[in-house]
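Sharing a model that was predicted from the sequence below.
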Amino acid sequence: MTLLPATARQIDTQVAQAQIDGRTPSLVLGVVRDGALVHLATAGEHPRPDADLQYRVGSISKTMTATLIMQLRDAGQLSLDDPLERHLPGTAVGALTLRQLLGHASGMQREPEGDWWERSAGTDLAGLLDGLNADKIAYPPHTAYHYSNLAYGLLGGLLERLTGTRWADLLDERVFGPLGMRRTTYTATEPYARGYVVHPWHGTLREEPRTDTGAMAPAGQLWSTIEDLGRWAAFLADPDPSVLAAGTLTEMCAPVVINDLDSWTGGHGLGLELYRDGERVYVGHGGSMPGYVASLVVHRPTRTAVVGFANSYGFPITELGRRVLTSVLDAEPALPQPWRPAAAAPGADLAELSGRWWWMGLPLDLRWDAGDLVAHVRGERVSRFTAEGPDRWRGRSGPENGEILSVLRDDNGRATAVDIATFVFTRSPDEAP
């Protein structure tokens, strides 16, 4: 699968112009669709980018740290509402919950004590914890969005304490290996792009340090390629259940906090940034480290994403990635999934549930689909129910997600009504429940 020539040309032009306007030595963007890298746009020659050239991903590392936390949650080893103290005692900020830390709703200050961690060799976990005190909480928890790199250093420390395994090794074993991300590494591995600051007046380059950030690594240490970051984007669009359950990833995409209370254009889930673009909501994350910026933006409903890197600090790559993704979706909307006929009809006791039911003059249509009951209210609100037992169905999507549909029968066993969360629907609009 490839993009249409006109779409590809439009993206190539956007990337070429952005490289000129942003004065970055090299720039690369990849478009991912249905699990595959379908287009690569490059600009600049210092070095000439390709799909296997490493750049630093910066804070995109946080999305992977959050995935490790969610794996442990699903395994029953922690709860998101656990206080940090339960798993990482003695921090002076132990009352903060894991959910608050993941969603940047903890009120924690942005950076640890000491030299700016992005340009300095990092300390170990003990050193990081030594610099903590209660004053590091800048806001009362969950009262405001406040981005915190320090929160993710603490989450990484929790992972290591709880599992007895280094954060980087956990990623290799539980994420990168299963997803085939062989070129995503803790330190730079050739071939990789050197990172720069571009002088604002004469355009010369100053190479930036490539530090080991130590205990702060879970906030932004990693290196990757367009090929590998594309695999990560594909996973966020449609997760491999051997790495993380689909429902858990959907949970990560629900907002913990809105970061723009005036217009609601952005927020943060559990490790993932959320961006509104018109009627679409994208998930992903931006990243920056000295000399590098990175972008990851995913439209989950269409399994379409854009990933990108540049090797100059301050280049607005997240905005570029979102513009390119919108261009792709506008030019080439994903085709709807085809309708497929049922393999077999339901039994008589289930077939009689199909059709129209009524409550307070409001129509409810029940259809049989792949073993489930699908409820349509006025053709607009659609919920899917899965059998839990005789005449008992549990909502698993839509407005009735989690609610119970019960079938009510008369003395002869005939279905006379359906009860959805105490709303009783009958066969006639004239019937009272």
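Structure received.

quick one: the most centrally placed residue in the chain from P346, how far?
Closest to where the C-alpha atoms of the chain average out (CA atoms, centre = their mean) is L272, at 4.4 Å. Between L272 and P346 the distance, using CB to CB, to the nearest Å, works out to 39 Å. C-betas here are computed from N, CA, C, even on glycine.

Please read off the pLDDT at the residue nearest to G271 when sequence neighbours are not counted from the model.
Computed as CB to CB, 6 or more residues apart in numbering, the closest residue to G271 that is not its neighbour in sequence is A66, at 2.3 Å. Note for A66: predicted pLDDT of 98.

Next: L270.
L270 is assigned 98 on the pLDDT scale.

so which helix or strand takes in it?
L270 is located outside every helix and strand, with elements delineated by DSSP states H and E.

And for A43?
Per DSSP H and E, A43 falls inside strand 36-44.

what sits up against the helix or strand that comes right after that strand?
Counting by DSSP H and E, the next helix or strand C-terminal to strand 36-44 is strand 55-56. Outside strand 55-56, the residues that touch it by CB atoms under 8 Å, 6 or more residues apart in numbering are 28, 188, 192-193, 195, 210, 222-225, 287, 289, 291-292, 294, 309-311.

Swap in 10 Å and give it another go.
Defining contact as CB atoms under 10 Å, 6 or more residues apart in numbering, one finds that strand 55-56 is touched by 26, 28, 49, 188, 192-195, 208, 210, 220-226, 229, 287-294, 308-311.

Generate a PyMOL selection restricted to the buried entries among those.
With 16 or more other CB atoms under 10 Å as the burial test, the buried ones among the contacts of strand 55-56 are selected in PyMOL as follows:
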select buried, resi 26+28+49+192+193+194+195+208+210+220+221+222+223+224+225+226+229+287+288+289+290+291+292+293+294+308+309+310+311
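
In helices only, show me the contacts of strand 55-56.
Among these, the members falling in helices are G220, I226, L229 (criterion: DSSP state H).

hang on, the earlier thing: contacts only, for the residue nearest to G271.
Contact criterion CB under 10 Å, 6+ apart gives 98, 101-103, 152, 155, 218, 252, 269-272, 285 as the residues in contact with A66.

go with 6 Å
Contacts of A66 were listed using CB atoms under 6 Å, 6 or more residues apart in numbering, and they are L102, L270, G271.

could you dump those residues to a markdown table with distance to G127 and neighbour count?
Listed next are the contacts of A66 as a markdown table, based on distance: CB to CB, whole Å; neighbours: other CB atoms under 10 Å:
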| residue | distance to G127 | neighbour count |
| --- | --- | --- |
| L102 | 23 | 25 |
| L270 | 27 | 24 |
| G271 | 24 | 25 |
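
out of the residues you listed, which one sits closest to V328?
Closest approach between these and V328, by CB to CB: G271, at 24.6 Å.

how about the helices of this protein, start to end?
In chain order, the chain shows helices spanning 5-22, 61-74, 84-87, 98-102, 125-130, 149-163, 167-171, 177-179, 217-220, 226-237, 246-252, 317-331, 348-351, with DSSP H as the criterion.

Any stretches of the stretch 1-150 of the chain with poor pLDDT?
Within the stretch 1-150 of the chain, the set of residues satisfying pLDDT under 70 is empty.

do that again at 80, thanks
Applying pLDDT under 80 to the stretch 1-150 of the chain flags the ranges 1, 114-122, 143.

circling back to that earlier point, spatially, which residue comes closest to the residue nearest to the centre of the chain, not counting chain neighbours?
Per CB to CB, 6+ apart, closest to L272 is V283, 4.8 Å.

Repeat that for T248.
Leaving aside its chain neighbours, T248 sits nearest to M70 (5.2 Å; criterion: CB to CB, 6+ apart).

Report how many residues lie close to the one you found.
The number of residues packed around M70, counting by other CB atoms under 10 Å, is 21.
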